[in-house]
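Asker: When you get a sec, could you give me coordinates for this:
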Amino acid sequence: MLNYLWGVMLLLGIVYGAFSGRLPEITAAALDSAKEAVTLCITMTGVMALWVGLMEIARKSGVIERATKKIQPFISFMFPGLPKGHKAREYITTNIIANVFGLGWAATPAGLKAMEALKDLEEERKIHPAGGRTAAPKGTASNEMCTFLILNISSLQLIPVNIIAYRSQYGSVNPAAVIAPSIAATLLSAAAAVVFCKVMDGRTKMWKQ
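Answerer: This next block holds a predicted model:
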């Protein structure tokens, strides 16, 4: 749908520019934007390489492993129906840690794998229901899937890498000035997400009783 909206907007802009005699300006703007897009991609590639490299160093030094162990009580709190040792735990943990450090590129693959693992868990519940946990109706996301999606969207970010890179690209005097506001905003959004998920999970349990 968004592709159609963007396409219509572009066509309308070109048609309006042609009829108003401003087609040369549109052409110049298109060329400048193309150049700017390439420059931004190169900048973002460098930033991504830096932080992904730091994450790899953290992984090999054991920092990620220790962080994974520290975050397990939170995972158990947010996903009480997720069995210990299930592969979804590893993917969810990796996704959360990557988001906290602002590494959306590293978080996305882990998030997709987490959703696949949670889907497999639902299939297992259909075959072997246990612990009072039943599978969600066909075509319906499970509680764990909804909780993970909400946490992913509202994740706390200590270092907003993308925004810093954008600000640097467009000539900001202090690109890192957004760190403190970003931490405050994402901390509030993450807290709201936790409260919302637990309230909805409690209501779901009440409806089932």
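Asker: what packs against the strand or helix carrying residue 9?
Answerer: Assigned by DSSP states H and E, residue 9 belongs to helix 2-19. With contacts taken as 3 or more CB pairs under 8 Å, 6 or more residues apart in numbering; DSSP states H and E, helix 2-19 sits against helix 23-61. C-beta coordinates here come from the backbone N, C-alpha and C atoms, glycine included.
Asker: Only the buried residues of the helix it packs on, if you could.
Answerer: Neighbour-count burial for helix 23-61, counted by 16 or more other CB atoms under 10 Å, picks out 26, 44, 47-48, 51, 55, 58.
Asker: now the angle between helix 2-19 and it, please.
Answerer: Helix 23-61 and helix 2-19 meet at an angle of 150 degrees, taking axes from the mean of the first three to the mean of the last three CA atoms, to 10 degrees as the criterion.
Asker: what's the helix or strand following helix 23-61 in contact with?
Answerer: Proceeding N to C from helix 23-61, the next assigned helix or strand is helix 63-78, under DSSP H and E. Helix 63-78 is contacted by residues 55, 58-59, 82, 84, 89-90, 92-94, 96-97, 147, 151, 194, 197-198 when judged by CB atoms under 8 Å, 6 or more residues apart in numbering.
Asker: Report the backbone C-alpha coordinates of helix 63-78 in PDB.
Answerer: Extracted in PDB, the C-alpha atoms of helix 63-78 (Å, rounded to 0.1, in the frame of the first residue of the first chain):
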ATOM      1  CA  VAL A  63      30.100  -9.800  27.400                       C
ATOM      2  CA  ILE A  64      27.100 -10.900  25.400                       C
ATOM      3  CA  GLU A  65      27.000 -14.200  27.100                       C
ATOM      4  CA  ARG A  66      27.000 -12.600  30.600                       C
ATOM      5  CA  ALA A  67      24.400 -10.100  29.400                       C
ATOM      6  CA  THR A  68      22.300 -13.000  28.100                       C
ATOM      7  CA  LYS A  69      22.400 -14.800  31.500                       C
ATOM      8  CA  LYS A  70      21.500 -11.500  33.300                       C
ATOM      9  CA  ILE A  71      18.500 -10.900  31.100                       C
ATOM     10  CA  GLN A  72      17.000 -14.400  31.600                       C
ATOM     11  CA  PRO A  73      14.900 -13.500  34.600                       C
ATOM     12  CA  PHE A  74      13.300 -10.700  32.600                       C
ATOM     13  CA  ILE A  75      12.600 -13.100  29.700                       C
ATOM     14  CA  SER A  76      11.000 -15.500  32.200                       C
ATOM     15  CA  PHE A  77       8.900 -12.700  33.600                       C
ATOM     16  CA  MET A  78       7.700 -11.500  30.200                       C
END
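Asker: Going C-terminal from that helix, what's the next secondary structure element?
Answerer: Per DSSP H and E, the first helix or strand lying C-terminal to helix 63-78 is helix 87-100.
Asker: what's the spacing between that following helix and its chain's center?
Answerer: Distance, stretch centre to chain centre, for helix 87-100: 11 Å (CA atoms, centre = their mean, to the nearest Å).
Asker: ok so, going back, and the helix holding residue 9, C-alpha only, in PDB?
Answerer: The C-alpha trace of helix 2-19 is given here as PDB (Å, rounded to 0.1, in the frame of the first residue of the first chain):
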ATOM      1  CA  LEU A   2       2.800   2.400   0.900                       C
ATOM      2  CA  ASN A   3       4.500   1.700  -2.500                       C
ATOM      3  CA  TYR A   4       1.300   2.900  -4.200                       C
ATOM      4  CA  LEU A   5       1.100   6.000  -2.100                       C
ATOM      5  CA  TRP A   6       4.700   6.900  -2.700                       C
ATOM      6  CA  GLY A   7       4.300   6.300  -6.400                       C
ATOM      7  CA  VAL A   8       1.200   8.500  -6.700                       C
ATOM      8  CA  MET A   9       2.900  11.300  -4.700                       C
ATOM      9  CA  LEU A  10       5.900  11.200  -7.000                       C
ATOM     10  CA  LEU A  11       3.800  11.200 -10.100                       C
ATOM     11  CA  LEU A  12       1.700  14.100  -8.800                       C
ATOM     12  CA  GLY A  13       4.800  16.100  -8.000                       C
ATOM     13  CA  ILE A  14       6.300  15.500 -11.500                       C
ATOM     14  CA  VAL A  15       3.000  16.400 -13.200                       C
ATOM     15  CA  TYR A  16       2.600  19.500 -11.100                       C
ATOM     16  CA  GLY A  17       6.200  20.500 -11.800                       C
ATOM     17  CA  ALA A  18       5.800  20.000 -15.500                       C
ATOM     18  CA  PHE A  19       2.600  22.200 -15.700                       C
END
